[in-house]
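**Student:** Following is a predicted model, sequence given first.
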Amino acid sequence: MDCVREAARTSPTARTVFGGRATDGRPVVTLTIIGLCAVVYLLQRVAPTITDRFSFVPALGWTEPWRFVTAAFLHSPYTVFHILLNMFALWSLGQYLEPMLGRARFAAIYLLSGIGGQVAVVLLAGSPTIVGLNTGIDEAWLTPVVGASGAIFGLFGALLILNRHLGRSSAAMYVVIAINAAFGFLYPNISWQAHLGGFVVGLACAGVVVAFRGRRPQLVWAALGGIAVVLVAVTVVKYLSIPDVIRMIDSSTFS
C-alpha cells in the first residue's frame, strides 16, 4: 500500500488541453452553481427581503462589498423566465467548458466574470451627486441589479477565445449570446452593463489561460489573481472619486 501511495504521489497530474487539472468529465461546478441559484431563487420567492439584502446596488458597493459576489446568485423573483434562461445558458456552457478548463479554473472564471459585471455597473453608472440622487438624474446608482448574466457572459467570452485557439467554430453560440443580450433590455433589474463587464473579464481570463498554456499552472493563477487585483483597483478608484457622503451610504440609510 505504501508503494501505491508513493506512486500516486509522484505520478504527474493529468491535465486538460488548457493545462487545468483533468476530471472525469462531470460538470460538478456547473451543477453546484445551478443548484445554488435554484435554492436562492426559491428563498427569494419565500422571503423577498433576501433580494434587497444581497442584490448589487452601486450606492452600497463601498460599504457592503459582498454584494459584488452575491448578486450573481440572485435572479428576478417576479419571473421564472430569468433564472430558466440563465441556467440553460450556464448548463450549455458549463458542460463544455468545465472539462476543458478544469473545475478550479472554470469556477475562477465564473466568479471573476460575475464580479466584473458588477464592476462595470459601477464604472458606467456616472458620477453621482446628492442633487442627482434626489432628483433621479443619478438613478443608476440606486438601481438594484441581479442575475448570473454577467458571469455567464464571461463564459461566453471565454468560449470564443478558447474555441478560436483550438480552431473550432463558435457559430452555434452566437444566437444564445444575442438572446441573452436582448434579455437585459427587456426586463427590469438586469443590466447590459453587467453583461458587458462579464464578457470583457471572461475574454481576459481565457486570454491568460491560453497565453500560459503549457507552462507552470501557478502562472495562470497568478495572472487570474492579477485580473482580480485590477478589478478591485479600478473599483476603489471609482468610489474614491465620488463624494464621501454618497460613498458611505449603507443599508441603514439607503432608501
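**Tutor:** Sure thing, it's come through.

**Student:** Grab the nearest non-local neighbour of Leu155.
**Tutor:** For Leu155, ignoring the flanking residues on the chain, the nearest one in space by CB to CB, 6 or more residues apart in numbering is Leu93 at 4.4 Å. In this view, the C-beta of every residue, glycine as well, is placed from N, C-alpha and C.

**Student:** Go ahead and confirm the one you found touches Ala151.
**Tutor:** No. Applying CB atoms under 8 Å, one finds Leu93 not in contact with Ala151, separated by 10.0 Å.

**Student:** So between those two, which is more surrounded?
**Tutor:** Ranked by neighbour count (other CB atoms under 10 Å), Leu93 and Ala151 place Ala151 first, with 27 against 22.

**Student:** And the more buried one, how close does it get to Cys37?
**Tutor:** 10 Å (CB to CB, to the nearest Å).

**Student:** now the stretch 1-150 of the chain, which segments are flagged as low pLDDT?
**Tutor:** 1-13, 15, 17-20, 22-24 (pLDDT under 70).

**Student:** What segments of it are helices?
**Tutor:** Under the criterion DSSP state H, counting those that start in this stretch, the stretch 1-150 of the chain contains helices at 2-10, 28-46, 49-54, 67-70, 80-101, 103-123, 130-135, 149-166.

**Student:** Over to the nearest residue to Ser127 once chain neighbours are set aside. Which of the three states is it?
**Tutor:** Leaving aside its chain neighbours, Ser127 sits nearest to Ile242 (6.2 Å; criterion: CB to CB, 6+ apart). At Ile242, secondary structure determined by DSSP: H, G, I helix; E, B strand; the rest coil is coil.
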